[in-house]
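**Q** sequence and predicted structure below; questions after.
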Amino acid sequence: MSHTLHRLFWRIHFWAGLISAPIVVFAALTGLFYALSPQIEARLYADLDHVNVPANPAMKASLDLQVAAVLASHPHEALRHVVPAQGHTDSTQVYLQAAHAHHTASQGEHDHGLPTGSIVYINPYTAQVLGQLPELQRFKTWSKKLHSSALQGDGWRWLIELGASWMLVLFATGLVLWWPKPQSQGGPGWRAL
């Protein structure tokens, strides 16, 4: 490859990297937030996710009693599903659907696949409500939304396409720049591989 052609490929490679790097860095950082969300949530929601174990841990309230306590304290919300306490120190999580959520679809609105309800945390031993948190406020939900749909609107789709296209250019020009010179041109040839 001539020196002029090498400089041209190097310049294209540089600009392709400069254009696509911010998009790749954004995806990597938001992916890191999402990957670390269990550790972050363990600190943020320790008072909701965990309970003190009583002297007799075998005396748990029935799941029916726990759900009844939630529905009594939230009469205008519908039950979606229940995540029973897995360990001795875990709370029971009761997922509720907001009263207005099932009406929005018929009115032409949609939630873009995001949860619209709330999570109520229950002490599995006493059936006492520990607290409530809207699903959208959980760090894991927020980080997943940021990573998977932050730039997914129609106004941003061109930016994602631009970044992906320039990543292909970056790959192709990088391969050309990396390819070893033949031995006839003073390079190491295939021994470099």
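**A** It's in.
**Q** beyond the one helix or strand in the chain whose mean pLDDT sits lowest, next helix or strand please.
**A** The helix or strand of the chain with the lowest confidence, counting by mean pLDDT, DSSP states H and E, is helix 101-104 at a mean of 52. Next in sequence after helix 101-104, counting helices and strands by DSSP states H and E, comes strand 118-122.
**Q** what is that next one packed up against?
**A** In terms of contacts (3 or more CB pairs under 8 Å, 6 or more residues apart in numbering; DSSP states H and E), strand 118-122 is packed against helix 63-73, strand 92-97, strand 129-134. Glycine gets a C-beta too; all of them are placed from N, C-alpha and C.
**Q** and the next helix or strand past the longest one?
**A** Right, helix 63-73. strand 78-83.
**Q** pass me the low-pLDDT residue ranges in this structure, would you?
**A** 100-115, 151-155, 182-193 (pLDDT under 70).
**Q** mind splitting it into its structural domains?
**A** Using automatic domain parsing, the domains assigned to the chain come out as 1-45+138-193, 48-136.
**Q** most packed of the ones you listed?
**A** The highest mean neighbour count among the domains of the chain, using mean count of other CB atoms under 10 Å, belongs to domain 48-136: a mean of 15.
**Q** pretty sure residue 79 is touching residue 66, no?
**A** No. Residue 79 lies out of contact with residue 66 (CB atoms under 8 Å); the separation is 11.4 Å.
**Q** how about the residue nearest to residue 173 when sequence neighbours are not counted, secondary structure?
**A** Closest residue in space to residue 173, ignoring its immediate chain neighbours: residue 13 at 3.9 Å, by CB to CB, 6 or more residues apart in numbering. Of the three states, residue 13 takes helix under DSSP: H, G, I helix; E, B strand; the rest coil.
**Q** with residue 86 instead?
**A** coil.
**Q** show the backbone phi and psi for it.
**A** Note on residue 86: its backbone torsions stand at phi -80, psi -40 [degrees, to the nearest 10].
**Q** and the gap between it and residue 159?
**A** 41 Å (CB to CB, to the nearest Å).
**Q** residue 125 too?
**A** For residue 125 relative to residue 159 (CB to CB), the value is 51 Å.
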